[in-house]
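1. next one to model:
(chains A and B)
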Amino acid sequence: MTKTKKKGNFNQLGVLIALILLCVVLSVVTGGRFLRLNNLMNVLDQTAFNAMLAIGMLLCLITAGIDLSVGANAVFCACIGGMLVLRDVDNSFIILIAILVCGTLIGLINGLLLTRLHLPHPFVSTLGMKNFLWGMALLVTGSSMVSGFPDGVMWLGSKSVAGVKFSFILVIILYIIMHILLTRTSLGRSIFCVGGNPEAARLSGIHSDNVLTFCYTVSGFCAALAGIITIGRTSICNGTDAVQPYDTDAIAACIIGGASFMGGKGTMLGTLLGALIIGTLRNGFTLLAASSAIQNIVLGLVIIVAVFIDVTRERMEAKARRLAAK
Amino acid sequence: MSEYVVELKNATKRFPGVVALKGMNLAVKPGEILGLIGENGAGKSTLIKVLTGVHQADEGQIFVDGVEQHFRDPNDSAAAGIACVYQELNIEKLLSITDNIFINKWIKGPGGLLDYPTMHKKAKEVMLSLGQDVDPTKPAGNFGMGVQQMIEIAKAVLINAKMIIMDEPTSSLGEKEVEQLMKTCRELRDRGIGIVFVSHKLEELFELCDRVTVIRDGEYIWTKNVSDTNNDDLIAGMVGRTLENQFPKEFGTKGECFLKAEHLEEGGVLYDVSFEAYGGQILGFAGLVGAGRTETMRAIFGADPIDGGKVYVHGKEVKIKTPSDAIKAGIAFLTEDRKGQGLVLAQTIRTNLILANMKGFSKGLFLDEKKILESGEGHIASLRIKTPSIDEIVGQLSGGNQQKVVIGKWVNTDADIFIFDEPTRGIDVGAKVEVYNVMNELVKQGKCVIMISSEMPEILGMSDRVIVMRGGKVMADVDRDSKHFNQEDLMKAAWGGTLDD
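-> Purely as a prediction, here's the structure:
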């Protein structure tokens, strides 16, 4: 029916093809080890953390912003859990609530810094927040690894049903909810419009500031969930992880999935496929026992190529628009 | 040696699915000002881009001083002596005037470092020669549009351009700046430079140009001496038929006072602005650019905070703090900057049409896509928005069609007070009439329309009553039946004079 819709499908089809190709290549070079069921489940398990962070990242990217604090926020949230464990809190419910409240609050603060204090592009403020949270994560845990989380906290990241981790099931549920939110509700439509032209949206009666704050708050909430997942997967929390490139992995998932730094674009499905590509790559490295040097080099290149594809796509679309113009 | 400094012959330019130029001709003599007019979409932009080397014509020839030229890119065209001042200026606002003028043509001293003293001196000279006594070391963004435009012209002068194309140069200028621009154009003409002057304002063409070329649908229609043509003739040439009435004014019945503003104050911008607007009428707001008309409307709409004053809607005082409050009170506001403030260009028509009333197009939690589609298709038909589909990206539509999408957006809010800020700026004659008809329709439904316009004929043609502003103050309130309802008196008020009864 429409040009734009067709193009959207085409982009996601491209990502899907890339994912399938990657799987085929990995199956061949690992002699079939990749395709074993428990390895595939491993991929989903490894993907869940990044896919969770990518939800919030995608919302921020659609508004032409960015949230560089998601990774540090997830680690900080896990460390808040660790701090409570160190203080002999063993009620899972209290720990989970504390983690979710902290993460969401951090997201809310990111949003308010942008919309109420009018700091410039969130690149700067969330980068500052990342460093702040890194320090806080070390501070609350006394710079030590913490273990001994109660089962209730571990449940999400460690238990599974029919071989599929609950964390990945939660990711799928959230992706479906966010997909419906983005495509079928006025709030979702507002997010795209605020990304395209915040002033026009404001003068059309949309509370642009609140929409932006919502996106960053969701990002913080998702980071908290990711923090819970990481506790379950590793059974520890470690403040030094806050400098891991979790943020760039999340950005890469969104961009590979068709989002743009210019804002106004992106889909949940594409982002999920993007996160799966990154998860598959990381899994492949493990199977092939690739050194961490090689891992970093390849992932770095993938991110650069993804951004390159993004700008090329922009340019091609701009050209098509020029040609279509009278 | 040819009679013409630049001559374009039989140029054809095809884009996928559309022929933008068909056998186009354009010939400019040295030392003349040639007007170029045509509706939006007539091919003016493409014609300009072919002349400046941005596009390459598929067929046809370009001669400069009688010698055939092939422009592969804008550098070739500039080297041949063709310069263009685009409607959207290419000014680096944070850089100094000198930097802007000498961009990519820097004068270097010994050792290859930039020789700023020489460049500042030259910049000062060339700006002075254009009637602008400015400090070239100051950032270009500190100056108004008029000066910024002169910077573009200075660039053209500096490369010794033989021909300068000006693409709607007056559309963003105030009255005085337009006068200065025309003066400069005449001086450049007297220096032997050929000028192509693109404008939507016919009176400017008559005032300034020696000859005028009319194009339509990518085709050359005719070129005449300005003394041999008139308004109706030009319009007939542009639209291919005679427009009986440029302003098809229809009258509604005057209703109650819909909107009343009392003592609006905004520090340094508005001073004690009070007025009333009635249902079934168009209230025109006249004045010079910067008279505070847009600011008044932004204040009422909650777009900018105000320091004092009250707003009444249907006799009841309303507290409007945000645009959202204003929309709830039934006010719609078509901003003058439709690209920057009215539309989300990267989104579809479908989305832009519901931008101001998503709640009204929701069923429970979800958007009612069926209702959105039906109402959207309805607006496309009734407003005659030319588009292949409702899912077309708005940025791809022409100016007039974009404006219709903005109108559709506001009609969708069920407002009964419509503020139109420069609703016909930058759109073609045919689309203008359609915008006027929308206003007529609203007025006949008993709604209240407020129209800000800087074009006096439009104000006189469409308004039932006119308020004239100057320097953030209301200067005059003139009824259509009043003896002051004429161009001279309204201009007098706009320039600070008083109207005696």
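2. C-alpha only now, for contacts and for neighbours.
-> Fine.
3. what does the stretch 151-300 of chain A have sitting close to chain B?
-> A:184-186, A:189-190, A:193, A:196-197, A:199-207, A:264 (C-alpha under 8 Å from any C-alpha of the partner chain).
4. three-state assignment of residue B:161?
-> Of the three states, residue B:161 takes coil under DSSP: H, G, I helix; E, B strand; the rest coil.
5. could you find the closest non-adjacent residue to it?
-> Once flanking residues are discounted, residue B:161 sits nearest to residue B:81: 4.2 Å by C-alpha to C-alpha, 6 or more residues apart in numbering or on different chains.
6. need the per-residue pLDDT for that neighbour.
-> Per-residue confidence (pLDDT) for residue B:81: 92.
7. ramachandran coordinates for it?
-> Backbone geometry at residue B:81, expressed as degrees, to the nearest 10, gives phi 100, psi 20.
8. number of residues surrounding it?
-> Neighbourhood size, residue B:81 [other C-alpha atoms under 10 Å in any protein chain shown]: 22.
9. same deal with residue B:227?
-> Neighbour count for residue B:227, taken as other C-alpha under 10 Å: 11.
10. are we agreed that it is in a strand?
-> No. Counting by three-state DSSP, residue B:227 falls outside a strand, being helix.
11. how near is it to residue A:178?
-> Going from residue B:227 to residue A:178 by C-alpha to C-alpha, to the nearest Å gives 66 Å.
12. now swap in residue A:222 and tell me
-> For residue A:222, the distance to residue A:178 equals 12 Å [C-alpha to C-alpha].
13. so how far is stretch B:171-182 off the chain centroid?
-> 13 Å (C-alpha atoms, centre = their mean, to the nearest Å).
14. also stretch A:196-205?
-> Relative to its parent chain, stretch A:196-205 has a centroid offset of 27 Å by C-alpha atoms, centre = their mean.
15. show residues contacting that stretch.
-> A:63-64, A:190, A:193-194, A:207-208, A:263-264, B:303, B:322-327, B:340-347, B:355-357 (C-alpha atoms under 8 Å, 6 or more residues apart in numbering or on different chains).
16. now for the helix or strand hosting residue B:436, which elements pack on it?
-> Following DSSP states H and E, one finds residue B:436 within helix B:429-444. Where contact means 3 or more C-alpha pairs under 8 Å, 6 or more residues apart in numbering or on different chains; DSSP states H and E, helix B:429-444 is packed against helix B:399-411, strand B:448-452.
17. now do stretch B:298-307: everything it contacts.
-> Applying C-alpha under 8 Å, 6+ apart, the contact partners of stretch B:298-307 are A:203, B:261, B:264-267, B:311, B:320-323, B:325-326, B:331, B:333.
18. now do the end-to-end distance for it.
-> 13 Å.
19. quick one: buried residues of it?
-> Judged by neighbour count using 16 or more other C-alpha atoms under 10 Å in any protein chain shown, the buried positions of stretch B:298-307 are B:298-304, B:306.
20. tell me the one of the residues you listed nearest residue B:479?
-> residue B:300 (22.5 Å; C-alpha to C-alpha).
21. and residue B:48, that's in a helix?
-> Yes. Judged by three-state DSSP, residue B:48 forms part of a helix.
22. burial of the residue nearest to it when sequence neighbours are not counted, as a residue count?
-> Leaving aside its chain neighbours, residue B:48 sits nearest to residue B:165 (7.6 Å; criterion: C-alpha to C-alpha, 6+ apart). Residues lying near residue B:165 (other C-alpha under 10 Å) number 25.
23. and residue B:165, that's in a helix?
-> No. Checked against three-state DSSP, residue B:165 lies outside a helix; its state is strand.
24. who touches it in this structure?
-> Residue B:165 is in contact with B:48, B:82-86, B:195-198, counting by C-alpha under 8 Å, 6+ apart.
25. most widely separated two among these?
-> The largest separation in the contacts of residue B:165, counting by C-alpha to C-alpha, is between B:82 and B:198 at 15.2 Å.
26. quote the end-to-end distance of stretch B:51-67.
-> Terminal residues of stretch B:51-67 are spaced 14 Å apart (C-alpha to C-alpha).
27. tell me how far it lies from the chain's centre.
-> 28 Å.
28. now do stretch B:379-389
-> How far stretch B:379-389 lies from its chain's middle: 22 Å, per C-alpha atoms, centre = their mean.
29. could you pull out the buried residues of it?
-> Residues of stretch B:379-389 classed as buried: B:379-380, B:383, B:385, B:387, B:389 (neighbour count, 16+ other C-alpha under 10 Å).
30. one step back: next, format the helices and strands packed on helix B:429-444 as JSON lines and append mean pLDDT.
-> Formatted as JSON lines, the helices and strands packed on helix B:429-444 follow (pLDDT from 0 to 100):
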{"stretch": "helix B:399-411", "mean pLDDT": "91"}
{"stretch": "strand B:448-452", "mean pLDDT": "96"}
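31. just the ones of the buried residues of stretch B:298-307 in helices?
-> Here DSSP state H is the test, and those give B:298-301 as lying in helices.
32. just these now: which is nearest chain A?
-> Of all those, residue B:301 has the smallest distance to chain A: 8.5 Å, by C-alpha to the nearest C-alpha.
33. report pLDDT for the closest one.
-> Looking at residue B:301, its pLDDT is 95.
34. go on, residue A:70?
-> In the predicted model, residue A:70 carries a pLDDT score of 96.
35. what's around it, how many residues?
-> Close neighbours of residue A:70, defined as other C-alpha under 10 Å, add up to 38.
36. shouldn't it be in contact with residue A:248?
-> No. If you go by C-alpha atoms under 8 Å, residue A:70 and residue A:248 don't touch, sitting 9.6 Å apart.
37. element containing the residue of the stretch 201-326 of chain A found nearest chain B?
-> Nearest to chain B in the stretch 201-326 of chain A, going by C-alpha to the nearest C-alpha, is residue A:205, at a distance of 3.8 Å. Using DSSP H and E, residue A:205 sits in no helix or strand.
38. which residues does the nearest residue to it once chain neighbours are set aside contact?
-> Distances taken as C-alpha to C-alpha, 6+ apart place residue B:324 nearest to residue A:205, at 3.8 Å, with adjacent residues excluded. Applying C-alpha under 8 Å, 6+ apart, one finds that residue B:324 lies in contact with A:202-207.
39. picking up where we left off before, redo the buried residues of stretch B:298-307 as TSV? Include distance to residue B:252.
-> Shown next, in TSV, are the buried residues of stretch B:298-307 (distance: C-alpha to C-alpha, whole Å):
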residue	distance to residue B:252
B:298	26
B:299	27
B:300	24
B:301	25
B:302	28
B:303	30
B:304	32
B:306	33
